[in-house]
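S.K.: coordinates only, sequence not included:
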């Protein structure tokens, strides 16, 4: 029998932990809790997780530091992370997305909606891991191997976060095609995923930054969206 995945909640507020314990008791995963960033990382090191729900305002190491640590380690880089925080300023949301958060939910949130976000995040991860056929693409100096989950600029490997990799894969497999922001979200996150144009722009900005000299290849098409071109 397949083991149930674990959703690790890194949250120090006892009320929030209790709400999640009650509202998610019938879900298809086990819940585990950590009351600080340090405890959460230690727990990940021992047992891993299928998804992480992460508060930003934690005692000691804050949530952004935890997220940064997760995305810096190969073993944790692909674990979906959903930020659940009372901090709803654009600067907080952008900082989390740029560091590689998969989703951002502002407190007070609906526990049912948060559970739906967790299901969607883990489903995307499972679907990605079931990809068996080797697929690779090349465009100018960029190359991408989907089976190895590796992207390169010339001979240099690019260390991309999951959403950045998915964006590049979509662009490089459809060169010179213009995509609206909503079609990009639908392609990499699913048609019902809630996202704003601003969040798409933040992800594109982060991907361009990772691409360095090849960043201009992701061209802005005024009034429509983005495409992968020559950057000239």
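M.R.: Yep, it's here. A quick note: this is a predicted structure, and the numbers were derived from the prediction, not measured. Numbering: from 1, shown residues only.

S.K.: what's the residue nearest in space to the middle of the chain in contact with, if anything?
M.R.: By C-alpha atoms, centre = their mean, the mean C-alpha position of the chain lies nearest to residue 102, the distance being 2.8 Å. By C-beta atoms under 8 Å, 6 or more residues apart in numbering, residue 102 lies in contact with 80-82, 121, 162-163. Just so you know, the C-beta spots here come from the backbone N, C-alpha and C atoms, and that holds for glycine as well.

S.K.: give me the element residue 211 is part of.
M.R.: helix 197-211 (DSSP states H and E).

S.K.: Can you verify residue 97 is assigned to a helix?
M.R.: Yes - under DSSP: H, G, I helix; E, B strand; the rest coil, residue 97 falls within a helix.

S.K.: lowest-pLDDT helix or strand in this structure?
M.R.: Lowest by mean pLDDT, DSSP states H and E among the helices and strands of the chain is helix 111-129, with a mean of 80.

S.K.: Restricted to helices, list the contacts of residue 102.
M.R.: Residues of these located in helices (DSSP state H): 121, 162-163.

S.K.: just to revisit the earlier point, the residue nearest to the centre of the chain - nearest residue in space that isn't next to it in sequence?
M.R.: Ranked by C-beta to C-beta, 6 or more residues apart in numbering and with sequence neighbours excluded, the top spatial neighbour of residue 102 is residue 80, at 4.6 Å.

S.K.: Might one say that residue 172 is in contact with residue 142?
M.R.: Yes - applying C-beta atoms under 8 Å as the test, residue 172 and residue 142 come out as touching, 6.2 Å apart.

S.K.: which residues in the protein form strands?
M.R.: In the chain, the segments counted as strands under DSSP state E are 6-10, 30-34, 51-54, 81-85, 103-106, 136-139, 142-145, 150-153, 156-158, 179-180, 218-221, 225-228.

S.K.: Please identify the most buried of the ones you listed.
M.R.: strand 51-54 (a mean of 26; mean count of other C-beta atoms under 10 Å).

S.K.: which other residues reach that strand?
M.R.: Residues outside strand 51-54 that contact it (C-beta under 8 Å, 6+ apart): 5, 7-11, 20, 29, 40, 44, 63, 66-67, 70, 79-84, 101, 114, 118, 121-122, 125.

S.K.: Recalculate using a threshold of 6 Å.
M.R.: 7-10, 63, 79-84, 118, 121-122 (C-beta atoms under 6 Å, 6 or more residues apart in numbering).

S.K.: Need the max-distance pair from these.
M.R.: Using C-beta to C-beta, the contacts of strand 51-54 span at most 19.9 Å, a distance reached by 63 and 122.

S.K.: For those two, indicate the residue with more neighbours.
M.R.: residue 63 (25 against 18; other C-beta atoms under 10 Å).

S.K.: you'd agree the more buried one is up against residue 56?
M.R.: Yes - using C-beta atoms under 6 Å, residue 63 makes contact with residue 56 at a distance of 3.6 Å.

S.K.: joint contacts of those two?
M.R.: By C-beta under 6 Å, 6+ apart, no residue touches both residue 63 and residue 56.

S.K.: which of the ones in helices among the contacts of residue 102 tops the neighbour count?
M.R.: residue 121 (24 neighbours).

S.K.: In the least confident helix or strand of the chain, which residues are buried?
M.R.: 114-115, 117-118, 120-122, 124-125 (16 or more other C-beta atoms under 10 Å).

S.K.: so what secondary structure elements neighbour it?
M.R.: strand 51-54 (3 or more C-beta pairs under 6 Å, 6 or more residues apart in numbering; DSSP states H and E).
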